[in-house]
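Enquirer: Quick check, what structure comes out for this input:
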Amino acid sequence: MASQASLLLQKQLKDLCKHPVDGFSAGLVDEKNIFEWGVTIIGPPDTLYEGGFFNAIMTFPQNYPNSPPTVRFTSDMWHPNVYSDGRVCISILHPPGDDPSGYELASERWTPVHTVESIMLSIISMLSGPNDESPANVEAAKEWREKRDEFKKKVSRCVRKSQEMM
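Expert: Residues are numbered from 1 along each chain as shown. A predicted model of the protein is given here:
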């Protein structure tokens, strides 16, 4: 018998196939595993990431939607809110409830109303405007603030590499 999580994910996948959303595409990595999705994010227009095609893996927990998925870029990504291993760090992907460090409001964190679409749109928004006050990649955040030209060069290399991989 299918779990509540797998039924919900099947519905979200079906909805995205019927009604694609600008800015990303999504599908299963393996048809036998509804809990692991491959996504491609198109670099948002008028940003440093414009023209890029960035691949990521979205992994859902068995208790989805009560807990958030993880998202990890498999394409090279230079961004203050992306760890060096590619994991995305945005508020809505943090576990529900109060933030132990007191930085985020509970209302900014994961809630079960989020969908693949809302997560992807949040990541696209993150690419458009990094949060350098709570960085996952301190070096990228420092460059973003203090050496914008160096930051732009690194992002340009990531964009070019992503285009070559297509």
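
Enquirer: Enumerate the positions of the helix or strand hosting residue 17 that are buried.
Expert: If you go by DSSP states H and E, residue 17 is part of helix 4-18. Under the neighbour-count criterion of 16 or more other Cβ atoms under 10 Å, helix 4-18 has 5, 6, 8, 9, 12, 13, 16 buried. C-beta: built from backbone N, CA, C; applies to glycine.

Enquirer: and which of those is nearest to residue 53?
Expert: residue 16 (17.4 Å; Cβ to Cβ).

Enquirer: Quick check: closest non-adjacent residue to that closest one.
Expert: Nearest residue to residue 16 in three dimensions, chain neighbours excluded: residue 26, at 5.6 Å (Cβ to Cβ, 6 or more residues apart in numbering).

Enquirer: Kindly report the same for residue 42.
Expert: residue 23 (5.5 Å).

Enquirer: bridging residues for residue 27?
Expert: residue 38 (DSSP bridges).

Enquirer: In contact with it, which residues?
Expert: By Cβ atoms under 8 Å, 6 or more residues apart in numbering, the contact list for residue 27 reads 13, 37, 38.

Enquirer: any idea where the helices of this structure begin and end?
Expert: For the chain, applying DSSP state H gives helices covering 4-18, 116-128, 138-146, 148-165.

Enquirer: where does the protein dip in pLDDT?
Expert: Low-confidence segments of the chain (pLDDT under 70): 1-2.

Enquirer: Next, name the residue at the spatial heart of it.
Expert: Closest to where the C-alpha atoms of the chain average out (Cα atoms, centre = their mean) is residue 123, at 4.3 Å.

Enquirer: Surely that residue is in contact with residue 41?
Expert: Yes: using Cβ atoms under 8 Å, residue 123 is in contact with residue 41, at 6.2 Å.

Enquirer: okay, and the common contacts of those two?
Expert: With Cβ under 8 Å, 6+ apart as the test, residue 123 and residue 41 both reach 24, 56.

Enquirer: Most tightly packed of the helices of the chain?
Expert: Looking across the helices of the chain with neighbours counted as mean count of other Cβ atoms under 10 Å, the highest average goes to helix 116-128: a mean of 19.
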